[in-house]
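need a 3D model of the following:
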Amino acid sequence: MQDKNFDKLASKFAKNIYGTPKGEIRAAVIWRDLTQAIPQLQQGKLRILDAGGGFGFFSQKLAKLGHKVTLCDISAQMLEQAKLQIDEYETANQTKLDIELVHAPIQALTSEQYGQYDLVLCHAVAEWLSNAQQTLRELTKLVKPDGLFSLMFYNKEAMRFHSLVSGNFDYVAADFKVKKKVGLTPTHPLQIEDVTHWLDNWQMQLVSQSGVRVIHDYLKSSQPLNFDFNQLLAMELQYSQHPAYIGLGRYVHFICRGRD
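Residues are numbered from 1 along each chain as shown. Below is the predicted model:
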């Protein structure tokens, strides 16, 4: 079984992931988590790896703060989008971003070739991998002993609960197996307990955890007349780290620290 390559879905992916309200929530929660866990994001220069980062939404954001970033993705089309956006920014601002584009599967990344990083990002990648446990284990080896690993993965139990409250009982009973998968529906959603166990075995210390979209995906189709997205965003940020709601997040975001 091969890992997912988004070459054929690059434009759709970029639009659907960050060009929507749910993408804005995702970006806000992750950025809040990163800035809380890594105060030096706003000062100094970090060495950062964005593993499977697509067109580099966070890679570009971090590079604009002056950090040295390596953006790796298996999709040439995604990296082409990244290059176009980077070139456009550099031309408009007459400044050079310290960002390297690497066209390769993340399994090809080794500390022998690339060294270790202050921060490694792996967002919305694990759920597309045929062997997430092995791949993530190798990625943690690229984290410096006191560095951080930012991992966001698709939450299987939230996927199940959303299907249950939507009345899709046959889908749940079939363990989410259908004849034809929607292009952007993850093929290997993960259990929070499994990922937590893996990280503990790899001697990674959990620094923070958040649910990403703990409210948005469960909203009723009919909203009050005074419904305000900014209020929704504020509530998502407020409840994303509440112990009762983390497990409802469509994605879960862990930040872990490497141990000596």
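
now do the buried residues in stretch 99-110.
Buried residues in stretch 99-110, defined by neighbour count with 16 or more other Cβ atoms under 10 Å: 99, 101-102, 105-106, 109. Placement of C-beta: from N, CA and C, glycine included.

let me fix that, I meant to ask about stretch 167-181.
171-172, 176.

closest one to Gly23 out of those residues, please.
Looking at those and their distance to Gly23, the nearest is Phe176, at 22.8 Å (Cβ to Cβ).

any idea how far Pro206 lies from Phe254?
Not Pro; residue 206 is Leu. The span separating Leu206 from Phe254 equals 6 Å under the rule Cβ to Cβ, to the nearest Å.

tell me, what's touching these two both at once?
Residues touching both Leu206 and Phe254 (Cβ atoms under 8 Å, 6 or more residues apart in numbering): 196, 199.

in terms of neighbours, single out the busier of these two.
Applying other Cβ atoms under 10 Å to Leu206 and Phe254 shows that Phe254 carries more neighbours, namely 21 against 13.

who's in contact with the helix or strand harbouring that one?
Applying DSSP states H and E as the criterion places Phe254 in strand 251-258. Applying Cβ under 8 Å, 6+ apart, the external contacts of strand 251-258 come out as 26, 29-30, 33-34, 37, 123-124, 140, 143-155, 158, 192, 195-196, 199, 203-213, 246.

on the strand side of things, show who the residue positioned nearest the centre of the chain bridges to.
Of all residues in the chain, the one closest to the mean position by Cα atoms, centre = their mean is His123, 2.0 Å from it. Following DSSP bridges, His123 is listed with bridge partners Met152.

so it sits right up against Ser150, yeah?
Yes: using Cβ atoms under 8 Å, His123 makes contact with Ser150 at a distance of 7.1 Å.

as a quick check, tell me the outermost residue of the chain.
Centroid-distance maximum for the chain: Leu225 at 32.6 Å, with Cα atoms, centre = their mean.

helix, strand or coil for that residue?
Counting by DSSP: H, G, I helix; E, B strand; the rest coil, the backbone at Leu225 sits in coil.

the chain should start at 19 in everything you say after this.
Okay, residue one is now 19; in that scheme the one you just asked about reads as Leu243.

list the residues that contact it.
By Cβ under 8 Å, 6+ apart, the contact set of Leu243 is empty.

low-scoring stretches of the stretch 19-168 of the chain, by residue?
19-36, 60-61 (pLDDT under 70).

can you show me the helices along it?
Assigned by DSSP state H, counting those that start in this stretch, the helices in the stretch 19-168 of the chain fall at 28-36, 39-55, 75-81, 94-111, 129-132, 150-158.

need the winner for burial among the ones you listed.
Most buried of the helices of the stretch 19-168 of the chain by mean neighbour count (mean count of other Cβ atoms under 10 Å) is helix 75-81; its value is a mean of 21.

what packs against that helix?
Counting by 3 or more Cβ pairs under 8 Å, 6 or more residues apart in numbering; DSSP states H and E, the packing neighbours recorded for helix 75-81 are helix 39-55, strand 65-69, strand 86-91, helix 94-111, strand 117-121, strand 135-141.

circling back: Asn248 is nearest to which of the helices of the stretch 19-168 of the chain?
Across the helices of the stretch 19-168 of the chain, Asn248 has its closest neighbour in helix 39-55 (10.1 Å, Cβ to Cβ).

for that closest one, packing partners?
Helices and strands touching helix 39-55, as assessed by 3+ Cβ pairs under 8 Å, 6+ apart, comprise helix 28-36, helix 75-81, strand 161-172, strand 222-230, helix 247-257, strand 269-276.

can I get stretch 190-209 in PDB, CA atoms only?
What follows is stretch 190-209 as a C-alpha-only set of coordinates in PDB (Å, rounded to 0.1, in the frame of the first residue of the first chain):
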ATOM      1  CA  VAL A 190     -19.800   3.400  11.300                       C
ATOM      2  CA  ALA A 191     -20.900  -0.300  11.300                       C
ATOM      3  CA  ALA A 192     -18.700  -0.900   8.300                       C
ATOM      4  CA  ASP A 193     -15.700   0.700  10.200                       C
ATOM      5  CA  PHE A 194     -15.700   3.600   7.600                       C
ATOM      6  CA  LYS A 195     -15.000   1.200   4.700                       C
ATOM      7  CA  VAL A 196     -16.700   2.300   1.500                       C
ATOM      8  CA  LYS A 197     -16.400   1.300  -2.200                       C
ATOM      9  CA  LYS A 198     -15.200   4.800  -3.200                       C
ATOM     10  CA  LYS A 199     -13.300   7.200  -0.900                       C
ATOM     11  CA  VAL A 200     -13.800  10.900  -1.200                       C
ATOM     12  CA  GLY A 201     -10.500  12.400  -2.400                       C
ATOM     13  CA  LEU A 202      -9.700  14.300   0.800                       C
ATOM     14  CA  THR A 203     -11.100  11.800   3.300                       C
ATOM     15  CA  PRO A 204      -8.100  10.400   5.200                       C
ATOM     16  CA  THR A 205      -7.400   6.700   4.600                       C
ATOM     17  CA  HIS A 206      -5.800   5.900   8.000                       C
ATOM     18  CA  PRO A 207      -7.300   8.000  10.900                       C
ATOM     19  CA  LEU A 208      -5.600   7.500  14.200                       C
ATOM     20  CA  GLN A 209      -6.600   6.800  17.800                       C
END
